[in-house]
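1. Test case, fold it:
(one chain, ligands or ions: 1)
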Amino acid sequence: MERLQKVIAEAGITSRRKAEELIINGKVRVNGKVIVELGTKVDGNDIIEVNEKMINLNRAKEYYLLNKPRGVISSVKDELGRKTVVDYINTDKRIYPVGRLDYDTTGLIILTNDGDLANILMHPSNKVSKTYIAKIEGLLNKDDIDRLKNGIFIDERKVKVENFKILDKNIEKNTSLIELTIIEGRNHIVKKLFASIKHPVIRLSRIKIACLEVGNLKSGEYRKLTIKEVKKLYSLKV
Ligand code: URA
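-> A predicted model of the protein is given here:
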């Protein structure tokens, strides 16, 4: 059994908030009866009508992995009309990104209409690892490396760097290419991390989320997750 507003939202009709308005305004019937209580629970056998039209309860879940290009917003809609990650995916389902990448960050982002999986991936206790490649200003010295290894406090919470590698150093241009894995979902966290040791990020790309790697997905390309991958992601729940 699920709450009526959730079922209406997941059927792709509208958002959950609008579904609540429809219910309160008497626009929703369950098995022929107008329902105005928001807590009402329904299941797959109930006939639900919104504005006198039966809704399609095909609530199949969809899971996508997108290689987000630079200059794309990680949300469903953008008030300024900029391109969003959802615009890249060809589906009629109301999918949304799990977490976010900055406008200028490229790389992997998961999109789904499965709120349960999204919650698992976002919850800090499930320790979902993410690997990034950052081009930073300057060359790291021993002190920087020690600080990264020991973890750095950002906004009074320690960011633990699980793993990091210096992939390349450009002495002429005074830049470095760093691969690092963190278990963190806070916004702008990699940029804040390097800014705090005075090596601002010039470019950032996410190449891995848990078991999912960028592989040969080109910028702007996406693929569906396999059932096996979805199960693996579900298994991250502690
Ligand atoms: N950390 C950042 O600073 N930006 C991102 O987009 C992702 C992680």
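
2. Pop out the phi and psi values for Gly71.
-> Dihedral pair for Gly71: phi 80, psi 30, per degrees, to the nearest 10.

3. Quick check, it in contact with Tyr103.
-> Yes - at 6.4 Å, Gly71 and Tyr103 qualify as touching, with contact defined as C-beta atoms under 8 Å. Every residue, glycine included, has its C-beta placed from N, CA and C.

4. Show me which residues of this protein sit near the ligand.
-> Contact residues, the chain versus the ligand (C-beta under 6 Å from any ligand atom): 101-102, 105, 188-191, 204.

5. would TSV of these with secondary structure and neighbour count be doable?
-> Below are the residues of the chain next to the ligand laid out as TSV (DSSP: H, G, I helix; E, B strand; the rest coil; neighbours: other C-beta atoms under 10 Å):
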residue	secondary structure	neighbour count
Leu101	coil	24
Asp102	coil	16
Thr105	coil	22
His188	coil	14
Ile189	helix	17
Val190	helix	24
Lys191	helix	17
Leu204	strand	21
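
6. for stretch 13-22, the distance to its chain's centre please.
-> 22 Å (C-alpha atoms, centre = their mean, to the nearest Å).

7. Just the buried residues of it, please?
-> 13-14, 19-20, 22 (16 or more other C-beta atoms under 10 Å).

8. Pick the one among those closest to the ligand.
-> The closest of the buried residues of stretch 13-22 to the ligand turns out to be Thr14 (C-beta to the nearest ligand atom; 29.3 Å).

9. what residues are up against the closest one?
-> Taking C-beta atoms under 8 Å, 6 or more residues apart in numbering, we find Thr14 in contact with 8, 22.

10. Now it. Its backbone dihedrals?
-> Per degrees, to the nearest 10, the backbone of Thr14 is at phi -170, psi -180.

11. Kindly confirm my reading that Arg223 is in a strand.
-> Yes - Arg223: assigned to a strand according to DSSP: H, G, I helix; E, B strand; the rest coil.

12. And the pLDDT at the closest residue to it other than its chain neighbours?
-> Closest residue to Arg223 apart from its sequence neighbours, by C-beta to C-beta, 6 or more residues apart in numbering: Leu65 at 5.7 Å. Note for Leu65: predicted pLDDT of 98.

13. The one 3 residues further on too?
-> Taken from the predicted model, the pLDDT recorded for Lys68 is 98.

14. ok, now Gly44?
-> So Gly44 comes in at 69 (pLDDT).

15. about what we covered before: quick one: the residues of the chain next to the ligand as a markdown table, columns for pLDDT too.
-> What follows is the residues of the chain next to the ligand, written out as a markdown table (pLDDT from 0 to 100):
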| residue | pLDDT |
| --- | --- |
| Leu101 | 97 |
| Asp102 | 97 |
| Thr105 | 98 |
| His188 | 96 |
| Ile189 | 96 |
| Val190 | 97 |
| Lys191 | 97 |
| Leu204 | 98 |
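
16. I'd like to know which of these is nearest to Lys237.
-> Proximity of the residues of the chain next to the ligand to Lys237 was ranked by C-beta to C-beta; the top entry is Ile189 with 21.9 Å.
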